[in-house]
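Student: when you get a sec, could you give me coordinates for this:
(chains A and B, ligands or ions: 2)
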Amino acid sequence: MESANEIIRIEGLNKTFHTKDGDVVALDDIHLEIAQGEIFGIIGLSGAGKSTLVRCMNLLEQPTAGRVFFDGQELSELGRKELNEKRHSIGMIFQSFNLLMQRTALQNICFPLELVGTPKAEAKKRARELLALVNLEEKENSYPAQLSGGQKQRVAIARALATNPKVLLCDEATSALDPNTTRGVLALLKDINQKLGVTIVVITHEMSVIEEICSRVAILDHSHIVELGRVEDIFVKPQSQIARHLLFPAGKKKFKFGSGGRCLRIVFDGLSSYEPVLSSMVLECGYPVNILFADTRDIDGKAMGQIVVELPDEEKAVHRMYAYLNTQGIRFEEVKDL
Amino acid sequence: MKPELLQLILPSTWESLYMTLISAALAYIAGLPLGILLVVTDKNGIRPLPTLNAVLGTLVNLLRSVPFLILFIALRYVTSAIVGKAYGARAVIVALFVAAAPFIARMVESSLKEVDPGVIEASQSMGANTMQIICKVLLPEARASLLVGAAISITTILGYSAMAGIVGGGGLGAVAINYGYYRNETAMMWIMIVILVAIVQVFQEVGLYLSRMVDKRIR
Ligand SMILES: Nc1ncnc2c1ncn2[C@@H]1O[C@H](COP(=O)(O)OP(=O)(O)O)[C@@H](O)[C@H]1O
Ligand SMILES: [Mg+2]
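Tutor: Ligands and ions are numbered 1, 2, ... in the order given. Just a heads-up that it's a prediction; the model follows:
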């Protein structure tokens, strides 16, 4: 399906690393299209191949096979010089910020402008605008060592935006930050996406990051894309084991899910709060349930929630509950293991 | 006695400094690019060229493994062809250059390799070419370490130059050896030693001070 507004297109991508201990297939048969202006998420566990995938998007990593198109141009067809020019329109930020430690915040933002030969005064002016955009005007003369993690990432974002890129690649950009700072940085990314129309590719191992800002997501597992679609859809109907695993934040996963008992995962799509639904269900069916897990989030502006309850042993009760949920139009699925 | 002593000390100190600084400067002219090449063409470098890297690495190792005095003697015909004679301060400078350039190349190499690969990667992602990465990332980011390396290199060269005193080089080393060894005037030798130690100390401290001053990684 050729769509006019796609900015990144990946076809049959394979990346194999040849190491002393044999070949490592980091990516296998990846197909992906990212639309202009969207915030696209790529999630997976550590070692799934996320970084390799995002690095193939600006050819920091040379694909073993397959093709990567940026804005209609196949990247591997470009010469070194042309590739470098293309890279001016692909910004990238990293988990470890990767700022130049011997340059101030302002000088860091000027760096990509120096690379393209922007006159000094003009570069400074632009850098100041960008500092204002990321809310760090007062830090212009601070060195990275004098900034907090969140501030460093803001400088990195400003730097990545200096040459007006069409795409911003974010490789675990919030993974080194605390939850509050993470929220701030994600809000900034969203803002940039909306204000400047920059397409954003977010790599993360945290579902909460995807839920917070992404419209679509690809789930990467062992070098393959196992699920791809709208975040809401995947949240409501995860197909893969890995998707389910990612949906449950690590800290809340330590429940013993019934001693062999059956569990029900009930999903709320923002139309109703889950508490009345659950209590009505219990009243209606006359059987108590055990809540094992409950969580609500804000996904792309809509309140979403899910709870996992332990089902009663009686088959009759289970049927009643299913019937009740069906009549209410509430989505649910039986889960055994998370 | 005092003025005579000064007449001996001042010119030989000057000669030592002159030999050391001139040959350090010359050795940096060759060693700095060589060190940069070693880093850039490394298999994990920004422009991997394994063959060139291996050739340069071997050359550097070969030169580094020849003890300085032997190098000085081995080079005496080359030296006289270049400076006209095979002894004296100018002759020592030739040998010092040959000995110090590969040493400096390794010092530069190790400084540049301290630069965070993530920062290099970030600059690549911004479309920096090889030259821009060298001039705007590698060298400025490594400047503190490069300065420490320069201090170490200069003091090492000073040590070599003193050694050359035994085979007709000039400077403090020659005086120390002439008086301390041939004439058995140990007092004179000790004066020279103290001056050498003082010079090493000064270079070391100045190097470290400058390094700290330019390093913005420290709050
Ligand atoms: N330069 C490399 N050399 C060899 N193996 C690599 C290299 N980079 C990544 N890999 C391997 O590829 C796989 C995917 O790595 P990566 O893309 O970094 O995963 P993620 O970012 O999802 O944690 C891992 O098994 C990793 O060890
Ligand atoms: Mg990674």
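Student: how many residues are close by the residue of chain B found nearest ligand 1?
Tutor: Residue of chain B nearest ligand 1, by Cβ to the nearest ligand atom: B:Asn44 (9.1 Å). Where C-beta positions appear, they are placed from N, C-alpha and C, glycine not excepted. Counted with other Cβ atoms under 10 Å in any protein chain shown, the neighbours of B:Asn44 add up to 8.
Student: burial measure for the closest residue to it other than its chain neighbours, as a count.
Tutor: Leaving aside its chain neighbours, B:Asn44 sits nearest to B:Pro117 (7.9 Å; criterion: Cβ to Cβ, 6 or more residues apart in numbering or on different chains). By the criterion of other Cβ under 10 Å, B:Pro117 has 11 neighbours.
Student: what's the answer for A:Ser142, then?
Tutor: For A:Ser142, the neighbour count with other Cβ under 10 Å is 18.
Student: same question for A:Glu140.
Tutor: Look at A:Glu140: counted by other Cβ under 10 Å, it has 17 neighbours.
Student: so where do the helices sit in the chain?
Tutor: Assuming you mean chain A. Under the criterion DSSP state H, chain A contains helices at A:50-56, A:80-87, A:105-115, A:120-133, A:149-161, A:179-196, A:207-213, A:231-236, A:241-247, A:274-285, A:315-328.
Student: the intended chain is chain B.
Tutor: B:2-40, B:50-65, B:68-74, B:76-83, B:89-113, B:117-125, B:130-132, B:139-141, B:143-163, B:171-177, B:186-214.
Student: lowest-confidence stretch among those helices?
Tutor: Among the helices of chain B, helix B:171-177 carries the lowest mean pLDDT, at a mean of 88.
Student: so which elements touch that helix?
Tutor: helix B:2-40, helix B:143-163, helix B:186-214 (3 or more Cβ pairs under 8 Å, 6 or more residues apart in numbering or on different chains; DSSP states H and E).
Student: nearest residue to the residue positioned nearest the centre of chain B other than its sequence neighbours?
Tutor: Compute the mean C-alpha point of chain B, and by Cα atoms, centre = their mean the closest residue is B:Ser153, 3.6 Å away. Leaving aside its chain neighbours, B:Ser153 sits nearest to B:Ile104 (5.1 Å; criterion: Cβ to Cβ, 6+ apart).
Student: how close does the one you found sit to B:Met131?
Tutor: 21 Å (Cβ to Cβ, to the nearest Å).
Student: the two - which one has more neighbours?
Tutor: In this view B:Ile104 and B:Met131 are compared by other Cβ under 10 Å, and B:Ile104 has more residues nearby, 28 against 9.
Student: low-confidence ranges, the stretch 101-250 of chain A, go.
Tutor: Counting by pLDDT under 70, the stretch 101-250 of chain A contains low-confidence ranges at A:248-250.
Student: close to chain B: what parts of it are there?
Tutor: Neighbours of chain B within the stretch 101-250 of chain A, by Cβ under 8 Å from any Cβ of the partner chain: A:101-104, A:111-112, A:114-116, A:143, A:145-146, A:156, A:159-160, A:163, A:169.
Student: and A:Glu77, how many neighbours does it have?
Tutor: Quick note: A:Glu77 (other Cβ under 10 Å) scores 10 neighbours.
Student: from ligand 1, how far off is it?
Tutor: 23 Å (Cβ to the nearest ligand atom, to the nearest Å).
Student: same question for A:Asp233.
Tutor: 23 Å.
Student: how much space separates that residue from B:Val60?
Tutor: 60 Å.
Student: the two - which one has more neighbours?
Tutor: B:Val60 (21 against 14).
Student: apart from its chain neighbours, what residue comes closest to that one?
Tutor: Spatial nearest neighbour of B:Val60, chain neighbours left out: B:Pro102 (4.2 Å); criterion: Cβ to Cβ, 6+ apart.
Student: wait, the one you found sits on B:Leu34?
Tutor: Yes - taking contacts as Cβ atoms under 8 Å, B:Pro102 lies within contact range of B:Leu34: 7.3 Å.
Student: so what sits against both of those two?
Tutor: Here B:Pro102 and B:Leu34 have B:Val60 as joint contacts, going by Cβ atoms under 8 Å, 6 or more residues apart in numbering or on different chains.
Student: which one of these two is surrounded by more residues?
Tutor: B:Pro102 (24 against 21).
Student: show me what contacts the more buried one?
Tutor: Contacts of B:Pro102 (Cβ under 8 Å, 6+ apart): B:31, B:34, B:59-61, B:63-64.
Student: report the two of those separated the most.
Tutor: B:Gly31 and B:Asn61 (14.0 Å; Cβ to Cβ).
Student: among those two, which residue is more densely surrounded?
Tutor: Comparing B:Gly31 with B:Asn61 by neighbour count (other Cβ under 10 Å), the higher total belongs to B:Gly31, at 25 against 11.
Student: give me the neighbour count for B:Gly84.
Tutor: For B:Gly84, using other Cβ under 10 Å, the count is 10.
Student: the closest residue to B:Ile191 other than its chain neighbours: neighbour count?
Tutor: Nearest residue to B:Ile191 in three dimensions, chain neighbours excluded: B:Ile9, at 6.9 Å (Cβ to Cβ, 6+ apart). For B:Ile9, the number of neighbouring residues by other Cβ under 10 Å comes to 16.
Student: with B:Ile134 instead?
Tutor: 20.
Student: please apply the same query to A:Thr118.
Tutor: A:Thr118: 18 neighbours (other Cβ under 10 Å).
Student: same check on B:Leu75?
Tutor: Residues near B:Leu75, counting by other Cβ under 10 Å, number 20.
Student: got the contact list for it?
Tutor: Contacts of B:Leu75 (Cβ under 8 Å, 6+ apart): B:94-95, B:98.
Student: now with 6 Å?
Tutor: Shown in contact with B:Leu75 (Cβ atoms under 6 Å, 6 or more residues apart in numbering or on different chains): B:Ala95.
Student: for it, give its distance to B:Ser65.
Tutor: In terms of Cβ to Cβ, B:Leu75 sits 15 Å off from B:Ser65.
Student: please apply the same query to A:Ala243.
Tutor: Distance of A:Ala243 to B:Ser65, computed by Cβ to Cβ: 59 Å.
Student: what about those two, which has more around it?
Tutor: Counted by other Cβ under 10 Å, A:Ala243 and B:Ser65 do not tie: A:Ala243 has more neighbours, with 19 against 9.
Student: neighbours of B:Arg183, how many?
Tutor: So B:Arg183, with other Cβ under 10 Å, has 11 neighbours.
Student: A:Phe40 now?
Tutor: 24.
Student: in the sheet, who's paired with it?
Tutor: A:Val201, A:Arg216 (DSSP bridges).
Student: how far away is it from chain B?
Tutor: 18 Å (Cβ to the nearest Cβ, to the nearest Å).
Student: tell me the contacts of that residue?
Tutor: A:34, A:201, A:216.
Student: at 8 Å instead, please
Tutor: A:34, A:199-202, A:214-218.
Student: ok, so of those, who is nearest B:Ser23?
Tutor: A:Val201 (53.1 Å).
Student: where does chain A come near ligand 1, residue by residue?
Tutor: A:17, A:19, A:24, A:26, A:44, A:46-52 (Cβ under 6 Å from any ligand atom).
Student: re the thing from before, from A:Arg154, how far off is the residue nearest to B:Val60?
Tutor: B:Pro102 is 44 Å from A:Arg154, by Cβ to Cβ.
Student: do A:Gln239 as well
Tutor: 36 Å.
Student: now do B:Val40
Tutor: From B:Val40 over to A:Arg154 (counting by Cβ to Cβ), the distance is 32 Å.
Student: those two: which has the busier surroundings?
Tutor: Taking other Cβ under 10 Å, B:Val40 and A:Arg154 do not tie; A:Arg154 has more neighbours (26 against 20).
Student: contact partners for that one?
Tutor: A:134-136, A:185, A:188.
Student: circling back: so the residue nearest to B:Ser153 touches B:Ile29, yeah?
Tutor: No - with contact defined as Cβ under 8 Å, B:Ile104 does not reach B:Ile29; the gap is 9.6 Å.
Student: what's the local residue count around residue 160?
Tutor: Let's take chain A. 27.
Student: that was the other one, I meant chain B.
Tutor: B:Tyr160, neighbours per other Cβ under 10 Å, totals 25.
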